[in-house]
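Chemist: Structure, please.
(2 chains)
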Amino acid sequence: SQTIHQWPATLVQPVGSPLSLECTVEGTSNPNLYWYRQAAGRGLQLLFYSVGIGQISSEVPQNLSASRPQDRQFILSSKKLLLSDSGFYLCAWSHVTGQGRGDTIYFGEGSWLTVV
Amino acid sequence: AQSVAQPEDQVNVAEGNPLTVKCTYSVSGNPYLFWYVQYPNRGLQFLLKYITGDNLVKGSYGFEAEFNKSQTSFHLKKPSALVSDSALYFCAVRDPYSGAGSYQLTFGKGTKLSVIP
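Modeler: Got it, this is the predicted structure:
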């Protein structure tokens, strides 16, 4: 079975410091990978998605970036954090099947980022 | 553009009673529809989805949802609510005619379900 691991679970960082959140998926190959942000415990916003190594699409312009150095590894980064970057960050994956855009997206447990 | 609406911020139901969490959507063509549940400080868990076929979809933990094309709705239901069902529920839609390479789900704002003992 497939599993997704995301770390760290919680992070407190000062304004202007760098950020690195990591995510790995096990039990599958060539998954689609995603980073979402959830603000105020409600709405989810897609930040980045990737359909392959080195292929990153950004949905929202901001001071965050994403990288996919390996097939099942997805990293969310920032060079200088802003207060507004605080939130709950969720990594997710989907397996491309014959269902195409009906493929289910599966989420990790999330990372709480507090920028102080 | 695709969109989804969850008209109720909160739903309260007594334990043992049936529950309904409402969702309506807007897409260009036939939609792909999903329901997720989120417990406090946890990630989202997949409950069920509609792609095609039978309008009544059965999912995890006794939940089901009914796709209604004429009303553009996909309400989540359960015959008998449990206290452990208390959580945040998200409806999501994906437009099959969205641009090439666009795989994103568009989520509603979530409905907080409280099951009262």
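
Chemist: how distant is stretch A:93-111 from the center of its chain?
Modeler: Taking the mean of its C-alpha atoms, stretch A:93-111 sits 13 Å from the chain's own mean (CA atoms, centre = their mean, to the nearest Å).

Chemist: end-to-end on that stretch?
Modeler: 15 Å (CA to CA, to the nearest Å).

Chemist: What's opposite A:N32 in the beta bridge?
Modeler: On the basis of DSSP bridges, A:N32 is bridged to A:S94.

Chemist: shouldn't A:Y49 be in contact with A:Y36?
Modeler: No. Counting by CB atoms under 8 Å, A:Y49 stays clear of A:Y36, with 9.4 Å between them. C-beta here means a position set from N, CA and C on the backbone, and glycine is covered the same way.

Chemist: I'd guessed B:L76 sits against B:A65; true?
Modeler: Yes. Contact criterion CB under 8 Å: B:L76 and B:A65 qualify, at 4.9 Å.

Chemist: Now the common contact residues for the two.
Modeler: Listed as contacting both B:L76 and B:A65 by CB atoms under 8 Å, 6 or more residues apart in numbering or on different chains are B:W35.

Chemist: Show me what B:L19 is bridged to.
Modeler: B:K78.

Chemist: So for it, what pLDDT did the model give?
Modeler: On pLDDT, B:L19 comes in at 97.

Chemist: do the same with B:T24
Modeler: 97.

Chemist: residues in contact with it?
Modeler: B:V4, B:A5, B:P7, B:Q71, B:T72, B:S73, B:F74.

Chemist: Not counting residues beside it along the chain, what's closest to B:Q45?
Modeler: Closest residue to B:Q45 apart from its sequence neighbours, by CB to CB, 6 or more residues apart in numbering or on different chains: B:V37 at 5.2 Å.

Chemist: Great, nothing more from me.
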